Structures are given as structure tokens and as C-alpha cells.
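Requesting a structural model of the entry that follows:
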Amino acid sequence: MPLIALAIAALAIGFEQLVQWKYGPMGIIAFVALSIGLKARNSVISGIGAVILVMLLAQSG
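Sure thing, here's the model as predicted:
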């Protein structure tokens, strides 16, 4: 079980670094808001994070 948790944490950190590298600090803020909103089951915070990420993805495409 600890090995699975470690692998998931490594993937999350890797994804976070990828978002920061590609979309800068605003991407990290959006990713953190989305993940905090999902963990807290707060639809407003997760919605804000999702909207920011979508705007960043649409801007780069």
C-alpha cells in the first residue's frame, strides 16, 4: 500500500511540475484551486480552478 501511495504522489508532483512549466504560476494556482475544491467538495473553488485551466488551455491552443 505505501508503494502505491508513493507512486500516486510522484505522478501528482510530476503533473504539477508539467503544469507549472507549461502554463506558469497561473497554471499552478488553477491546479491547486481545483484539487483543493475537489478534496473539500466545494464546487465554487473547484469550478474557479477548472475555468482558469480551461482558459489557459484555450489560450495556448
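
any idea how far V32 lies from L3?
When distance is defined by Cβ to Cβ, to the nearest Å, V32 is 26 Å away from L3. Every residue, glycine included, has its C-beta placed from N, CA and C.

Kindly list the longest helix within the chain.
When the chain is scanned for its longest helix (criterion: DSSP state H), the result is helix 2-40.

what's that helix packed up against?
Applying 3 or more Cβ pairs under 8 Å, 6 or more residues apart in numbering; DSSP states H and E, we find helix 2-40 packed against helix 43-60.

And the helix it packs on, how far out from the chain middle?
The gap between the average C-alpha position of helix 43-60 and the chain average comes to 10 Å, counting by Cα atoms, centre = their mean, to the nearest Å.

Please apply the same query to stretch 34-42.
Going by Cα atoms, centre = their mean, the spacing between the C-alpha centre of stretch 34-42 and its chain's C-alpha centre is 11 Å.

Tell me which residues of that stretch come out buried.
Neighbour-count burial for stretch 34-42, with 16 or more other Cβ atoms under 10 Å as criterion, is recorded at 34, 37.

now swap in stretch 16-32 and tell me
The neighbour-count criterion (16+ other Cβ under 10 Å) identifies 19, 23, 27, 29-31 as the buried residues of stretch 16-32.

could you give the mean pLDDT of it?
When pLDDT is averaged along stretch 16-32, the result is 83.

CA-only coordinates of that stretch in PDB, if you can.
This file holds the C-alpha atoms of stretch 16-32, laid out as PDB (Å, rounded to 0.1, in the frame of the first residue of the first chain):
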ATOM      1  CA  GLU A  16       2.100  19.700 -11.100                       C
ATOM      2  CA  GLN A  17       5.600  20.400 -12.500                       C
ATOM      3  CA  LEU A  18       4.400  19.900 -16.000                       C
ATOM      4  CA  VAL A  19       1.500  22.400 -15.500                       C
ATOM      5  CA  GLN A  20       3.900  24.900 -13.900                       C
ATOM      6  CA  TRP A  21       6.400  24.500 -16.700                       C
ATOM      7  CA  LYS A  22       3.800  24.900 -19.500                       C
ATOM      8  CA  TYR A  23       1.400  27.400 -18.000                       C
ATOM      9  CA  GLY A  24       3.400  29.200 -15.400                       C
ATOM     10  CA  PRO A  25       2.300  30.300 -11.900                       C
ATOM     11  CA  MET A  26      -1.300  30.800 -13.000                       C
ATOM     12  CA  GLY A  27      -1.500  27.200 -14.000                       C
ATOM     13  CA  ILE A  28      -0.300  26.100 -10.600                       C
ATOM     14  CA  ILE A  29      -2.800  28.400  -8.900                       C
ATOM     15  CA  ALA A  30      -5.600  26.800 -11.000                       C
ATOM     16  CA  PHE A  31      -4.400  23.300 -10.400                       C
ATOM     17  CA  VAL A  32      -4.200  23.900  -6.600                       C
END
